[in-house]
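Participant: Sequence first, then the predicted structure:
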Amino acid sequence: MKKLLVFALAIMAMMGSVRADEGMWLPMFVGRLNYVDMQKMGLQLTPEELYSINHNSLKDAIVGLGSDAKPRGFFCTGEIVSEHGLLFTNHHCGYSAVQKLSSMEHDYLHDGFWARNYSEEIPAPDMSASFLVRMEDVTQEVLAVVTSDMDWQTRTKTINAKIKDLEAQASEDGKYNPVIKGFFEGNEYYMFVYKVYTDVRLVGVANESIGKFGGDTDNWMWPRHTGDFSIFRVYADKDGNPAEYSADNVPLTPKHYLPISIDGVKQDDFTMIWGFPGTTERYMSSYGIDYNVDTFYPIIIDVFGKELEVMDEFMQKDDAINLMYADNHAGLANTWKNFIGQCTMLRKNKVSEAKVKLENNFMLWVGRNEKHEYENALPNLKESYSQLGQVAKHLFYPNFTAQMGPVGAAMAFTGYYMASESDDKEAREAAAMELQGMDVDAMFEGTDPQVEHKMFAEMLKVYRKAFDEADLPEFYSKLVDKKFKGNIDAFADYVYENSIFATPETIKAFIAKPSTKKLKKDVAFQMSQQLTEKIMQAAPAYRMAQTAIQENDHIFVKGLREYYATMYPDKFLYPDANSTMRMSYGSVQDYMPADAVHYDYVCTANGILEKYVPGDYEFDAPKRLLELIERKDYGAYADENGELIVCFLSTNDITGGNSGSPIMNAKGELIGLAFDGNWEAMSGDVNFEPKLQRTINVDIRYVLFIIDKYAGATNLINELDIRKSEPEPVREEEEI
């Protein structure tokens, strides 16, 4: 007990006070660090009702969505909203599962899907639901294996081995999925113990023209009119335990589920979001920011932008291709626009400059106090990021190109080629057996030859444009230039016409009668080897720089925490997001993105009519929805003015992974689903922007309106605990 108290006091001394809106807080510390502040802002729940490992609490309704039975991180968040395991999340979180369940005969992305009873619910592929059982501090156990004479790589390897051992002990022979993660750049470690359910079934999803209304154009933008939600159900065996899919499984009876409020939101209302935010980098140095903005992000924007351009060309004119590439396109587009926004706003909001000021003050403190342990961390980071900047493009461009078309397929045969050329008979025999077991059809699954052919050619152009001739693989000079006069499209046609690796049929024919001589002559295989050589030339320097960055980030953040504890003892330092459960709190607020521009904190269904473009790829809308809006037929989901609120803004601190997170009111009632951030604060993963940073939430009343009035899925409405407060009585002053 004494040990726990000392630890709590140490944490509080390190952490201090920040804006109520800022911070993604660990649930086990909410009672000690945040509760008083939250209560002042309006929270009506007790600490035990928020987080408890001994009693049912709000955390038991929060679900991490993964893709397997032992996730180490989560792609999205969901929340349980009924006593029968019903789960709400975002439309874009369920997008991959819905796409995999769709076909041209049953296109659930385009048409939507609504189960009217349990028997109609469909098993969702590659989706699991994880519930946090408990979290605990294991810092002392993990760091006990570290000695002062260890170099960074040995230290990392030793820590990872200890983590693996601790996780195995906590799994209770597979009953739980324990995950230990580092915090504050490896200065602390916490274990999260999950119970993982793999029988998750699709229950309801609106048409893509509702769930993705606005498409990439509106992504990260306000005002937003997207009904970004989908509905699943978690199933268990008859005893409530996780089980593989079975017709005998039953809906999970959860420890806690969220009631739903349709009272609506007002400016300054208290809001709270729980979920599994993916990654923030609030302690990144100015050198890391400059590297990302000047080097890394532009590479990704360049490559992903071209891939999206090719996909769009074919997806917009062919429904089958659109369905085939929908999930891949959505993921690429989100990252692409995110990085564009980060490049823009990190500069506009002068984040690097702010970091430089902090770093200068930190170094003055280091010098004054002779903190020699920290004095080289920032100079080393500067040097390492400089090295990374010099080598990054030489690694990434050939790596992306090597994944394309026939070259990508040829890469899978490198191991066979190396073994076949060796003197090791056993290695040759093993490689031959592995070749016979290769699943060729899986290599081409979910792809269209036209799209892949064009993508291959365009990526070769992107690669060439990024480099001087001397830095390109030799196939550019010997084949593209010499044989095809620089015509990359003609060269790409030649590769597809002549390579073994252009089609499943030609690859299968080669496997049936393999030949290293034939392999060496194949143009796509030759390209794969040249690209691999470029990658291998750049990889050692890249890995060395990355290792140095990790080590010096660890030292810098350790020093930074000591600096704040000494200089600003009232400032709390929360850990970066790392796909573990967090809580953020704030309020419903508007904002001013620029001079003389004011954005309201809500937007209504009228905006759907204003944005609607018949037949448009992004702004089309279902006829029935338009009719309901035109008639203002909103039923119980209208606000006091008779309008239907679609989305609203709050000041909660979130990031990727929080998609689908519940946003709740002071009573812990669900009032919406978080699904996006705003464009003006795209720098927020590195530096919280209090005047600009907003979370975009789909209002729960719009969700219920779509389920009820649009889809007619009243079976789901009847399952929910929907609450509406009685109007406060109007008191007349007594006459004197």
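Facilitator: Here it is on my side, so go on.

Participant: quick one: buried residues of the host helix or strand of Tyr397?
Facilitator: Take DSSP states H and E as the rule and Tyr397 turns out to sit in helix 377-401. Neighbour-count burial for helix 377-401, counted by 16 or more other Cβ atoms under 10 Å, picks out 377-378, 380-381, 383-385, 387-389, 391-401. Bear in mind the C-beta positions are built from the backbone N, C-alpha and C, glycine included.

Participant: That helix packs against which elements?
Facilitator: helix 286-291, helix 297-315, helix 351-368, helix 449-466, helix 523-567 (3 or more Cβ pairs under 8 Å, 6 or more residues apart in numbering; DSSP states H and E).

Participant: ok, now with 6 Å
Facilitator: helix 286-291, helix 297-315, helix 449-466, helix 523-567 (3 or more Cβ pairs under 6 Å, 6 or more residues apart in numbering; DSSP states H and E).

Participant: Nearest to Glu79 among the ones you listed would be which one?
Facilitator: When these are compared by Cβ to Cβ, helix 297-315 sits nearest Glu79, at 30.8 Å.

Participant: Looks to me like Arg233 is in a helix.
Facilitator: No: counting by DSSP: H, G, I helix; E, B strand; the rest coil, Arg233 is not part of a helix but strand.

Participant: show me what contacts it?
Facilitator: Contacts for Arg233 (Cβ atoms under 6 Å, 6 or more residues apart in numbering) come out as Gly85, Leu86, Glu121, Arg201, Val203, Pro251.

Participant: Could you list the residues in contact with the following helix or strand past the helix holding Tyr397?
Facilitator: Using DSSP H and E, the next helix or strand after helix 377-401 towards the C-terminus is helix 405-411. Residues from elsewhere that reach helix 405-411, judged by Cβ under 6 Å, 6+ apart: Ala402, Met443, Glu452, Phe456, Val495, Ser499, Phe501, Ala502, Ala524, Phe525, Met527, Ser528.

Participant: what do you get if the cut-off is 7 Å, keeping everything else the same?
Facilitator: 402, 443, 452-453, 455-456, 495-496, 499, 501-502, 507, 522, 524-525, 527-528, 531 (Cβ atoms under 7 Å, 6 or more residues apart in numbering).

Participant: and what of stretch 343-363?
Facilitator: 285-286, 289-290, 293, 297, 378, 559-560, 563, 680-683, 686-687, 689.

Participant: got it, and stretch 605-618?
Facilitator: 213-217, 223, 225, 316, 619-621, 626, 629, 644, 646.

Participant: Check which helix or strand Ala326 maps to.
Facilitator: Here Ala326 is assigned to helix 319-348, by DSSP H and E.

Participant: Check which residues of that helix are buried.
Facilitator: 321-330, 332-334, 336-347.

Participant: what about it, average pLDDT?
Facilitator: Mean pLDDT, helix 319-348: 96.

Participant: next one: stretch 430-446
Facilitator: On average, stretch 430-446 scores 90.

Participant: what about it, distance to the chain center?
Facilitator: Relative to its chain's centre, stretch 430-446 lies at 30 Å (Cα atoms, centre = their mean, to the nearest Å).

Participant: cool, stretch 582-591 as well?
Facilitator: For stretch 582-591, the distance to the chain centre is 20 Å (Cα atoms, centre = their mean).

Participant: got it, and stretch 592-612?
Facilitator: With Cα atoms, centre = their mean, you get 26 Å for stretch 592-612.

Participant: which parts of that stretch are buried?
Facilitator: Applying 16+ other Cβ under 10 Å to stretch 592-612 flags Tyr599, Tyr601, Val602, Cys603, Thr604, Ala605, Gly607, Ile608, Lys611, Tyr612 as buried.

Participant: what would the contacts of Arg233 look like in CSV with secondary structure?
Facilitator: Shown next, in CSV, are the contacts of Arg233 (three-state DSSP):
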residue, secondary structure
Gly85, coil
Leu86, strand
Glu121, coil
Arg201, strand
Val203, strand
Pro251, strand
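
Participant: ok, so of those, who is nearest Val193?
Facilitator: Nearest member of those to Val193, counting by Cβ to Cβ, is Gly85, at 20.3 Å.

Participant: how about the spatially closest residue to the closest one that is not a sequence neighbour, what does it touch?
Facilitator: Excluding its sequence neighbours, the residue lying closest to Gly85 (Cβ to Cβ, 6 or more residues apart in numbering) is Leu252, at 3.5 Å. By Cβ under 7 Å, 6+ apart, Leu252 lies in contact with Gly85, Tyr197, Val234, Tyr235, Ala236, Gly240.

Participant: Lovely, talk soon.
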